[in-house]
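*Asks:* 3D model of this:
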Amino acid sequence: MAITQNYKLNLIQWYPGHIAKAEKNLKEQLKRVDVVLEVRDARIPLATHHPQISEWVGSKARVLVINRVDMITPQVRSLWIDWFKRQGEVPYFTNAQHGKGIAEIMQAAQAAGVALNQRRRDRGMLPRPVRAVVIGFPNVGKSALINRLLGKRVVESAARPGVTRQLRWVRISEHLELLDAPGVIPARMEDQEAALKLAICDDIGEASYDNQLVAAALVDLLNYLEAVAPDLLPKKPLQSRYELDSISDTGDVYLHALAEHRYKGDVERAARQLLTDFRKGLLGTLPLELPPN
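*Replies:* Reported below is the predicted structural model:
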């Protein structure tokens, strides 16, 4: 579904210098890493897949972490598990804020290191801790995941994207060392539909975008999902929250109606509130992507 058709191309602009620098540092550090933990957002697991990750990971072990599992329903989660399995991947679902699924991530990362240390022993070398790196878009929950793995807060974890700037190693146990990397976003986002979803979910870092266009796109996307998969979404999430139904309106028309209905005609305020409510889960457990057929 082309939610971007009504919006100008390259709607979302980014690529601050620190991300370019972070990417360069990350490529250097990856040479020393044994296993990559790729963290994605359960609401948009496809849009939060970095297009260069396969190239960066190469032959290293990779653990696929789908965070924010609390923001989708168990039914949607099951559909994604089945879909990823068909792609030959095992997704690990977590809620890093509350520590759900963390033990399984630890086991998966350490299991990847068993083979590594067996090879070291075969060559007459001593075993060493597995070196893992956590990679993902800004604000998908990487720092919260590391804090949970450590069992104590060592990495600054904040609600705003792009807090982690430096690369540093943290020792998790005698078996595991972790590299916390800043959120990396592609140099250019060819797929503006994915870029819109990143903006809606606040997984985009220090990008510049128009709140009103992004909020309107959210309404269009919800209307579309309600039409194609009503059983997988809460019933009429916008009407339940704002007492204003969206189904007959385009996103832009709805946003203006919502501004009149609730915010004295202030469209920017309506847009910001709509995005905030979605991000906080106040519209319900809403996926913005479903597994491709």
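
*Asks:* what helices or strands is the one helix or strand Ser240 maps to leaning on?
*Replies:* Taking DSSP states H and E as the criterion, the element that holds Ser240 is helix 237-242. For helix 237-242, the packing partners by 3 or more C-beta pairs under 8 Å, 6 or more residues apart in numbering; DSSP states H and E come out as helix 211-228, helix 251-262. Just so you know, the C-beta spots here come from the backbone N, C-alpha and C atoms, and that holds for glycine as well.

*Asks:* out of the ones you listed, which is the most enclosed?
*Replies:* helix 211-228 (a mean of 21; mean count of other C-beta atoms under 10 Å).

*Asks:* for that helix, what is the distance to the chain centroid?
*Replies:* Distance of helix 211-228 from the chain centroid (C-alpha atoms, centre = their mean, to the nearest Å) equals 18 Å.

*Asks:* for stretch 92-101, same thing?
*Replies:* In terms of C-alpha atoms, centre = their mean, the centre of stretch 92-101 is set 13 Å apart from its chain centre.

*Asks:* and for stretch 285-293?
*Replies:* Computed by C-alpha atoms, centre = their mean, the separation of stretch 285-293 from the middle of its chain amounts to 13 Å.

*Asks:* flag every buried residue along that stretch.
*Replies:* Judged by neighbour count using 16 or more other C-beta atoms under 10 Å, the buried positions of stretch 285-293 are 285-291.

*Asks:* what's the helix holding Ser240 in contact with?
*Replies:* The set of residues external to helix 237-242 that reach it, using C-beta atoms under 8 Å, 6 or more residues apart in numbering, is 219, 222, 234, 244-246, 254, 258, 261-262, 277, 282-284, 286.

*Asks:* just the buried residues of it, please?
*Replies:* If you call a residue buried by 16+ other C-beta under 10 Å, then helix 237-242 has these buried ones: 237-238, 241-242.

*Asks:* go on, stretch 119-135?
*Replies:* Neighbour-count burial for stretch 119-135 flags 129-135 (criterion: 16+ other C-beta under 10 Å).

*Asks:* nearest to Asp82 among those?
*Replies:* Closest approach between those and Asp82, by C-beta to C-beta: Ile135, at 24.7 Å.

*Asks:* just the element for the closest one, please.
*Replies:* Taking DSSP H and E as the criterion, Ile135 maps to strand 130-136.

*Asks:* neighbouring strands of that strand in the sheet, and parallel or not?
*Replies:* strand 35-41 (parallel), strand 176-180 (parallel) (DSSP bridges).

*Asks:* quick revisit: so which of the buried residues of stretch 119-135 comes closest to Gly141?
*Replies:* Checking those against Gly141 with C-beta to C-beta, the nearest one is Val134 at 9.6 Å.

*Asks:* contacting residues around Asp34?
*Replies:* Taking C-beta under 8 Å, 6+ apart as the contact definition, Asp34 lies against 60-61, 112-113, 116, 130-132.

*Asks:* nope, Arg148 is what I was after
*Replies:* The contact partners of Arg148, taken as C-beta under 8 Å, 6+ apart, are 96, 99, 102.

*Asks:* do the same with Trp83
*Replies:* Contacts for Trp83 were tallied using C-beta under 8 Å, 6+ apart; they are 291-292.

*Asks:* quick check: next helix or strand after the host helix or strand of it?
*Replies:* Under the assignment given by DSSP H and E, the secondary-structure element containing Trp83 is helix 74-86. Going down the chain from helix 74-86, the next helix or strand is strand 91-93, by DSSP H and E.

*Asks:* neighbouring contacts of that following strand?
*Replies:* Residues lying outside strand 91-93 but in contact with it, judged by C-beta under 8 Å, 6+ apart, are 42, 45, 63-67, 69, 77, 80-81, 84, 100-101, 104-105, 108.

*Asks:* by contact count, what packs against the helix or strand that it is followed by?
*Replies:* Using DSSP H and E, the helix or strand that follows strand 91-93 in sequence is helix 102-122. Secondary structure elements in contact with helix 102-122, counted by 3+ C-beta pairs under 8 Å, 6+ apart, are strand 35-41, strand 61-67, strand 91-93, strand 130-136, helix 142-150, strand 176-180.
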